[in-house]
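Novice: predicted model follows, preceded by the sequence.
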Amino acid sequence: MRVGVEVGGTFTDLVAIGPNGVSVTKVPSVPKSPDLGAINAIIESGIPFAAIDDLAHGSTVATNAVLERKGYPTAFVTTKGFRDILILERHGRHNIYDLEYQKPAPIVARAASFEVAERILADGSILTPLDLDRAAHDLVPALAAGGFQAVAICLLNSYVNAEHERALRDLLAAKLPQLHVTISSEITREFREFERASTTTLSAYVQPVIDGYIARFSDRLSREGFKGRFSVMQSNGGRLPASGMRANAINALLSGPAAGVMGAVRQAARSGFTNLITLDIGGTSTDVCVVVDGKPQLTTSFAIDGLPVRVPLLDISTVGAGGGSIIWVDDGGMLRVGPHSAGADPGPACYGRGGTLPTLTDAHVIRQTVRPDAFLGGRMQLDTKAAAAALQPIADRFGLSIEAAADSAVRLANANIVRSIQLISTERGYDPRDYALVAFGGAGPLHAAPIAEELAIKTIVIPPSAGVISAYGLIASDFVMFESLTRRERAGPEAADLVRSVFAEMKERATGRAKALGLSGALRLEFTADMRFVGQAFEVPVTFSDTEIDGLSAQTVRQRFLDAHDRIYFFGKDSDKPIEFVSFRLGIILPLGELPLLTESATGAVAEGRIRIFDNREWHDGVLKSRSAMRRGASVPGPALLEDPTSTLLVPAGWTASRDPADNTILTRKG
């Protein structure tokens, strides 16, 4: 019995796959206690805790701790002379035309930043040895008096030589055992001091949060009789045993969105689609990602609340356009959607839980693209009058009918999502027209077709039980770990030898870490070098398979970089300029083995009949069907609404939907 539980901003989703097939459960999230929402989902599913062999979990706990600044009191320790690195940040500004722009506030204030006398040079040699006696006399009392619960240690050039960081960690562990100590050399062994310090500090800030969360969850599971394997989803698209996540919390930042991408990749591959743009629209946000040849793209250039995070994670772009996103009018009189959300409590006005602000879900109710008596398979009744009352002031403000106002909000949200997709496709050198759009989440199938039209995408894939694909992705994901290392070297005649040497070094360290976490078996390795032309400020990732490294030549290394550079920047393919290595990254993967099969759920009321919906400024007559009632191979032309207990699929005029042998619903566009 495999169970995945994903805690979202509005709903907590559960997918269980076992001897009796697939079961799906959705319960309201508990924002103040996310682990309670996860436990509630398991209880609601009716599955005995003792019957679960593999439990995978994903949540937004780490993300919320950063965004809401609800982490634990954290101190920052660095090399003497670098105390202000978190405050200085980078010289650039994100909004160059904003006269009131302010840099993102660091997690740790200057008063909580401390220095130690030591110095390691860029080549790893020690210029000034670490004085542990002085640190014990000065630093330890200061940390004890500050009431800190976590400490981030990021010493200059420790990515080359971590000797001083480890010694300082051991000292604090002996003198202040109650502190959670995080060192940069175990989080990200890459250069660029500010980014490394920011990543380490963020990891330390959320470490006690994640540690406590997983501990509470594990204890409750144990009390309920659970004896199976418990793992947690990471931002890089792979799982990690819960014990490993408790030591590296920074990898939990995009846990939920990453699970959705992996679930979509697995399910779409069953229909032969491997080049994808994933579209995950949930209750609070929309997450999009590009997948090339079945592999989601990774990035190390990510920021949360403006603060950089330098660890490998899926290249996901997020925009505040979910079912609970609030529709409002700004000071200039312009209509806006999001980023603020009504969340799970009180939720959209139509939920009838006290919410009065109009949201996208309310707009869909007014457009009749969401049927009030069919929400969550008929288990939750929506209030049309409350939705209308919330949207009426918007309609009055612009002199529109309430249906036109609702439609305008939906179209605006679609435009925001299109721009988000362009950020991770067109601006990365990928043409959306060459990809299939995979839409999931509670609202993804509602918005997929108009978004695809804007991007000239002609094929849309809707997985079965689309509203809970993130939960499915949790149990359909491999176990993954990453190692990173900075080593700046010219990529000359010895380039291939350097790649082989670094690969061997990182492989030995990574396999040792995997073994310590109980990950053993037929491990797969993925090796990436970050390279650039000498003099450039930023790098291009170049991937090498572990099977080709032994026979690699210097010319192949160079050409691989030139091709990657040309794809992104449209120049450099025939350049003779010198190039260099900057950093290396090794992914170690324990494949899942047998993939759990996701099928269309037939629970809930079976819909059949005619509908009338308001879409794209006008009313349309169409067909109403349950997705589970669609025969494989049969097609349904739009306009149509296809419902399942977790989501509603809108098929506009000009599109045709059909159910394929993998239970995916495929939308194709005429012309």
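Specialist: Yep, it's here.
Novice: got the contact list for residue 389?
Specialist: 349, 356 (Cβ atoms under 8 Å, 6 or more residues apart in numbering). C-betas here are computed from N, CA, C, even on glycine.
Novice: can you check residue 348 too?
Specialist: 323-324, 342, 355, 359-362, 387, 390.
Novice: for residue 175, same thing?
Specialist: Shown in contact with residue 175 (Cβ under 8 Å, 6+ apart): 136, 140.
Novice: check what pLDDT it gets.
Specialist: We have a pLDDT of 94 for residue 175.
Novice: buried residues in the one helix or strand residue 530 maps to?
Specialist: Residue 530 is located in strand 524-533, with elements delineated by DSSP states H and E. Neighbour counts over strand 524-533 (16 or more other Cβ atoms under 10 Å) mark 525-533 as buried.
Novice: let me know the closest of those to residue 373.
Specialist: Comparing those against residue 373 with Cβ to Cβ picks out residue 526 as the nearest, at 48.1 Å.
Novice: excluding chain neighbours, what is closest to the closest one?
Specialist: Ranked by Cβ to Cβ, 6 or more residues apart in numbering and with sequence neighbours excluded, the top spatial neighbour of residue 526 is residue 587, at 4.0 Å.
Novice: where's the one you found, which helix or strand?
Specialist: Per DSSP H and E, residue 587 falls inside strand 579-590.
Novice: and the closest residue in space to residue 544 that isn't next to it in sequence, how close does it get to residue 557?
Specialist: The spatial neighbour of residue 544 that comes closest, neighbours along the chain excluded (Cβ to Cβ, 6+ apart), is residue 527 at 4.9 Å. In this view, residue 527 and residue 557 are 12 Å apart by Cβ to Cβ, to the nearest Å.
Novice: shared neighbours of these two, anything?
Specialist: Common contact partners of residue 527 and residue 557 (Cβ under 8 Å, 6+ apart): residue 499.
Novice: on that earlier part again, now the angle between strand 524-533 and the helix or strand just after the strand holding residue 530, please.
Specialist: Heading C-terminal from strand 524-533, the first helix or strand you meet, by DSSP H and E, is strand 540-545. Orientation of strand 540-545 against strand 524-533 (axes from the mean of the first three to the mean of the last three Cα atoms, to 10 degrees) gives an angle of 150 degrees.
Novice: make 247 the starting number, not 1.
Specialist: Right, with 247 as the first residue, what we last looked at is strand 786-791.
Novice: run the chain-centre distance for the helix or strand bottoming out on mean pLDDT in the chain.
Specialist: In the chain, no helix or strand scores lower on mean pLDDT, DSSP states H and E than helix 307-313, which sits at a mean of 80. Centroid separation between helix 307-313 and its chain, computed with Cα atoms, centre = their mean, to the nearest Å, is 13 Å.
Novice: now do residue 538 against residue 511, distance only.
Specialist: Taking Cβ to Cβ, one finds residue 538 at 11 Å from residue 511.
Novice: looking at the two, which is more packed in?
Specialist: residue 511 (23 against 14; other Cβ atoms under 10 Å).
Novice: wait, the more buried one touches residue 542, no?
Specialist: Yes. Because the distance of 6.4 Å satisfies Cβ atoms under 8 Å, residue 511 is recorded as touching residue 542.
Novice: for stretch 407-425, list the C-alpha coordinates in CSV.
Specialist: Coordinates of each C-alpha in stretch 407-425 appear next as CSV, following Å, rounded to 0.1, in the frame of the first residue of the first chain:
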residue,chain,number,x,y,z
ASN,A,407,38.2,23.6,2.6
ALA,A,408,35.5,22.9,5.3
GLU,A,409,38.0,22.2,8.1
HIS,A,410,37.2,25.3,10.1
GLU,A,411,33.4,25.0,9.7
ARG,A,412,33.4,21.5,11.0
ALA,A,413,35.6,22.4,13.9
LEU,A,414,33.3,25.3,14.9
ARG,A,415,30.3,23.1,14.6
ASP,A,416,31.8,20.5,16.9
LEU,A,417,32.6,23.2,19.4
LEU,A,418,29.1,24.5,19.5
ALA,A,419,27.7,21.0,19.6
ALA,A,420,29.7,20.3,22.7
LYS,A,421,29.1,23.7,24.4
LEU,A,422,25.5,24.4,23.3
PRO,A,423,23.9,21.0,22.4
GLN,A,424,20.4,22.6,22.3
LEU,A,425,21.3,24.6,19.1
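Novice: buried residues, that stretch. List them.
Specialist: 407-411, 414-415, 417-418, 422, 425.
Novice: please parse the protein into its domains.
Specialist: Using automatic domain parsing, the domain ranges for the chain come out as 316-453, 514-713+846-917, 725-836.
Novice: of all those domains, which one comes closest to residue 269?
Specialist: Nearest of those (Cβ to Cβ): domain 514-713+846-917, 7.8 Å.
Novice: please name the nearest non-neighbouring residue to residue 419.
Specialist: residue 427 (6.3 Å).
Novice: which stretch of helix or strand covers the one you found?
Specialist: Per DSSP H and E, residue 427 falls inside strand 426-429.
Novice: beyond that strand, next helix or strand please.
Specialist: With DSSP H and E, the next secondary element past strand 426-429 is helix 439-469.
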